[in-house]
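Novice: pasted the sequence and its predicted model underneath.
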Amino acid sequence: MAEPMTRDEIREALTRLPGWTMDEARDAITRRFVFADFSEAFGFMARVALVAEAMDHHPEWSNVYRTVDVTLTSHDANGVTRRDLDLARAMDRIAGQ
Ligand SMILES: C[C@H](O)[C@H](O)[C@H]1CNC2=NC(N)=NC(=O)C2=N1
C-alpha cells in the first residue's frame, strides 16, 4: 500500500499547485475548474480521462455545465499521495489554467 503524505508535505506541494486546496475532512485535494462553456468542460474531462487511465489513477469529479469540481485522493493509501499531485499537475496543464 502506498504511504499517504503528511499534511505539511501536502501543504508544501500545494504551494506549487495554486488552484488546489486541501480537504482535510476527506484527506484529499480539491479544485474547481471553470471553462468557457460545456463543450470546453467536457473536452477537458475527456482528455483527463485518457491521462488518468494511462496513470491508473482516477479523479472523483462532477460536472455542471461549464464547471468541473475535482477531488483527488489515493484510495489504496487512504490519503493524498504523489500520484494525486501528479494528476493535479496534469489536469492544470490540460486545462491551461
Ligand atoms: C485496480 C486499480 O489499479 C486501482 O483501483 C487503482 C485505480 N485508480 C485509482 N485511483 C485513485 N484515485 N486511487 C486509487 O487507489 C486507485 N487505484
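Specialist: That came in fine, so what should we check first?
Novice: and the contacts of the helix or strand where Val48 lies?
Specialist: Assigned by DSSP states H and E, Val48 belongs to helix 38-55. With contact meaning Cβ atoms under 8 Å, 6 or more residues apart in numbering, helix 38-55 is reached by 33, 35, 58-59, 61, 63, 65-68, 83, 86-87, 90-91, 94-95. Where you see a C-beta, it was placed from the backbone N, CA and C, and this is true even at glycine.
Novice: filter those by proximity to the ligand?
Specialist: Among these, proximity to the ligand is found for His58 (Cβ under 6 Å from any ligand atom).
Novice: inside helices: which ones of the contacts of helix 38-55?
Specialist: Per DSSP state H, helices hold the following members of those: Arg83, Asp86, Leu87, Ala90, Met91, Ile94, Ala95.
Novice: please indicate which of those residues are buried?
Specialist: Buried positions within the ones in helices among the contacts of helix 38-55, assessed by neighbour count (16 or more other Cβ atoms under 10 Å), are Arg83, Leu87, Ala90, Met91, Ile94, Ala95.
Novice: near the ligand, which residues of this protein are found?
Specialist: Near the ligand, when you scan the chain using Cβ under 6 Å from any ligand atom, you find Asp56, His57, His58, Ser74, His75, Asp76.
Novice: among those, who's most crowded?
Specialist: Counting neighbours by other Cβ atoms under 10 Å, Ser74 leads the residues of the chain next to the ligand with 21 neighbours.
Novice: check contacts around that residue.
Specialist: Contacts of Ser74 (Cβ under 8 Å, 6+ apart): Ala2, Pro4, His57, Val80, Thr81, Arg83, Asp84.
Novice: pull the contacting residues for the fourth one.
Specialist: With contacts taken as Cβ under 8 Å, 6+ apart, Val80 has the following neighbours: Pro4, Met5, Ile10, Met22, Asp27, Ala28, Ile29, Leu72, Thr73, Ser74.
Novice: restricted to strands, list these.
Specialist: Among the contacts of Val80, DSSP state E puts Met22, Ala28, Ile29, Leu72 in strands.
Novice: can I get stretch 22-36 in CSV? Just the C-alpha atoms.
Specialist: Output in CSV follows, covering the C-alpha atoms of stretch 22-36 (Å, rounded to 0.1, in the frame of the first residue of the first chain):
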residue,chain,number,x,y,z
MET,A,22,-6.6,20.6,1.0
ASP,A,23,-9.8,18.9,2.1
GLU,A,24,-8.7,17.7,5.4
ALA,A,25,-12.0,16.1,6.2
ARG,A,26,-11.7,13.9,3.2
ASP,A,27,-7.9,13.5,3.2
ALA,A,28,-7.9,14.9,-0.4
ILE,A,29,-7.0,17.8,-2.5
THR,A,30,-9.7,19.7,-4.5
ARG,A,31,-10.0,22.2,-7.3
ARG,A,32,-12.9,23.9,-9.2
PHE,A,33,-12.2,24.4,-12.9
VAL,A,34,-14.4,26.8,-14.8
PHE,A,35,-14.5,26.8,-18.6
ALA,A,36,-16.0,28.9,-21.4
